[in-house]
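1. Requesting a structural model of the entry that follows:
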Amino acid sequence: MLLSLAAASTAGQSPRHVSLVLTGGTVITMDASRRVLTPGAVAIDGATIAAVGSPADIAAGYSGDILDTTGDIVLPGLVNTHGHAPMVLYRGLADDLALMDWLQRYIFPAEAKTVSPEMVRIGTELAALEMIQSGTTTFTDMYYFEDDIAERARAAGLRGVLGETIIKFPVADAASPAESLARTEAFIKRFRGDPLITPAVAPHSAYTLDTATLLSCRDLAVKYDVPLLVHLAETQDEVRIIREASHRTPVGYLESIGFWAPHTVAAHGIWVDDADIAVLKARHVGVSHNPASNMKLASGVAPVPKYLAAGVALGLGTDGAASNNDLDMFEAMRQTAYLHKLESQDPRTLPAGLALELATLGGARVLGLEERIGSLEPSKRADLIIVGTNRARQTPLFDPVSQLVYATHGDDVKTTIVDGRILMKDRRVLSLDEGRVLDQARTFAEKVRVAVAR
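-> The predicted structure is shown next:
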């Protein structure tokens with residue numbers, strides 16, 4: 001691309017007009033060569049990236065609205081591979097508990113009393129605001145009333161891989177798994193082909209569904225060629241439940257029933273052995289690592305170095321803010337690097353560049369979107385963020401990749417762009433009314449407080 005730009009300039013051709021040119025900052029491409037351009041520039045033509053190169057080469061080949069990024073870092077938008085967006089409204093509702101206790105005593109009862117289309121819409125907008133402000137451009141979701149989540153996410157401008165949760169007991173939007181499957185099929189039909197929303201099938205887990213329902217979920221994902229999202233091997237309790245019922249590990253049980261779809265995303269994957277990892281690799285299952293939630297709930301430590309050594313597709317997630325308690329993917333990167341250095345007792349484990357890859361291109365691979373997002377390359381979607389470096393914690397700056405992973409927080413993000421649309425510029429969110437979103441969330445939080453006190 002740079003050669004063609006130079007040739008165009010030499011030939012005296014007029015620059016091609018594009019919608020936006022970012023120029024002057026450090027550009028971290030995450031392309032195959034992992035180029036870091038200092039300074040660099042990115043030309044955006046509508047929803048796609050037209051070119052990435054030096055400021056001089058981009059200026060020679062492209063003209064358009066200029067966004068000066070001098071002194072900033074430009075990088076691919078962050079990809080959150082697992083979460084439950086509306087659960088931001090339960091942030092801090094119940095803390096310092098084990099997963100099963102947290103779910104059964106607090107979260108499931110709170111959901112039974114408060115989940116509704118209104119709750120989902122308000123919670124999704126609050127989550128979208130938080131994600132836009134902290135640099136997440138693609139998120140994965142499993143929850144209820146998923147059509148409302150998709151509508152609000154799309155309006156906010158975020159990219160989403162979204163699935164209606166299917167679970168064995170009655171929930172707010174379905175009296176049975178069969179009804180949830182019907183809702184899922186309608187959801188898939190409605191959003192297939194949407195430029196921002198990728199519909200998915202989302203069975204909750206192997207321990208909360210019977211075999212027949214799990215296979216029906218698999219069949220639906222295969223029928224429409226959409227992702228299959230599932231919690232997997234998150235706790236020792238889950239392992240115990242499944243062993244008592246099947247004499248197998250959770251991975252072994254799902255393998256024995258033929259559960260895996262061509263594109264399965266497994267959240268957590270903590271309690272697995274070498275044979276399980278081999279199965280996940282052979283079945284092309286992507287794994288979402290959620291370090292904050294796993295540590296806070298004391299669920300365990302996923303064998304991330306083993307996954308990477310085996311070649312399993314791996315990305316990062318925050319899980320829901322009820323168990324994290326935020327959606328900051330910069331924290332997820334830093335926690336991933338620190339946790340596995342400590343676990344392995346080797347500071348060379350999970351270096352900064354790899355942590356950044358897991359939050360960008362790695363997450364895109366897990367979701368099957370690596371041809372569209374995850375790196376800054378021509379023809380990919382224009383999903384990118386700009387990080388400011390003028391704060392005390394960003395000074396001095398010797399290595400931009402190290403700085404992003406070990407020093408940057410979500411509120412260092414200045415600008416967020418998805419599909420070429422600027423969602424936030426200089427910390428001002430343009431796609432949502434921040435005051436309205438916060439007011440509605442605070443009002444609904446009072447309803448939650450009253451409901452759970454009864």
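2. Now for V304: which residues touch it?
-> By Cβ atoms under 8 Å, 6 or more residues apart in numbering, the residues touching V304 are 289, 314, 336, 340, 350. To be clear about C-beta, it is placed using only N, CA and C from the backbone, and glycine gets the same treatment.
3. gap between stretch 224-237 and the chain center?
-> Centroid separation for stretch 224-237 versus its chain: 15 Å, with Cα atoms, centre = their mean, to the nearest Å.
4. now swap in stretch 77-86 and tell me
-> In this view, stretch 77-86 has its centroid 3 Å away from the chain centroid, taken as Cα atoms, centre = their mean.
5. Once you drop chain neighbours, what's closest to the residue most central in space within the chain?
-> The residue lying closest to the centre of the chain (Cα atoms, centre = their mean) is N80, at 1.3 Å. Of all residues not flanking N80 in the chain, F139 sits nearest, at 4.4 Å (Cβ to Cβ, 6 or more residues apart in numbering).
6. For the helix or strand hosting that neighbour, name the packing helices and strands.
-> Per DSSP states H and E, F139 falls inside strand 136-143. The helices and strands touching strand 136-143, judged by 3 or more Cβ pairs under 8 Å, 6 or more residues apart in numbering; DSSP states H and E, are strand 78-80, helix 117-134, helix 146-156, strand 159-166, strand 413-418.
7. Quick one: list the elements packing against the longest one.
-> What that stands for is helix 117-134. Contact here means 3+ Cβ pairs under 8 Å, 6+ apart; on that basis helix 117-134 packs against strand 136-143, helix 146-156, strand 413-418, strand 421-425, strand 428-429, helix 434-453.
8. For it, give the mean pLDDT please.
-> The average pLDDT within helix 117-134 is 98.
9. Tell me what angle it forms with helix 146-156.
-> Helix 117-134 runs at 40 degrees relative to helix 146-156, counting by axes from the mean of the first three to the mean of the last three Cα atoms, to 10 degrees.
10. Ok, the fourth one next?
-> Orientation note: strand 159-166 sits at an angle of 170 degrees relative to helix 146-156 (the same axes, to 10 degrees).
11. what comes up buried for strand 159-166?
-> For strand 159-166, burial by neighbour count (16 or more other Cβ atoms under 10 Å) applies to 159-166.
12. Nearest to S375 among those residues?
-> The shortest gap between S375 and any of those belongs to R159, at 14.6 Å (Cβ to Cβ).
13. Name whatever forms a beta bridge with the closest one.
-> The partner list for R159 in beta bridges (DSSP bridges) reads T138.
14. Could I get the contacting residues of it?
-> Contacts of R159 (Cβ under 8 Å, 6+ apart): 137-139, 196-198, 373, 381, 383, 418-419.
15. picking up where we left off before, deepest of the helices and strands packed on helix 117-134, which one?
-> Most buried of the helices and strands packed on helix 117-134, by mean neighbour count (mean count of other Cβ atoms under 10 Å): strand 136-143, with a mean of 28.
16. how is the chain carved up into domains?
-> With automatic domain parsing as the criterion, the domains of the chain are listed as 2-75+382-429, 78-366.
17. could I get the contacts of R159 as a markdown table with distance to K223 and pLDDT?
-> Shown next, in a markdown table, are those (distance: Cβ to Cβ, whole Å; pLDDT from 0 to 100):
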| residue | distance to K223 | pLDDT |
| --- | --- | --- |
| T137 | 29 | 99 |
| T138 | 24 | 99 |
| F139 | 25 | 98 |
| L196 | 22 | 98 |
| I197 | 18 | 98 |
| T198 | 16 | 98 |
| I373 | 25 | 98 |
| R381 | 26 | 98 |
| D383 | 29 | 99 |
| V418 | 29 | 98 |
| D419 | 28 | 98 |
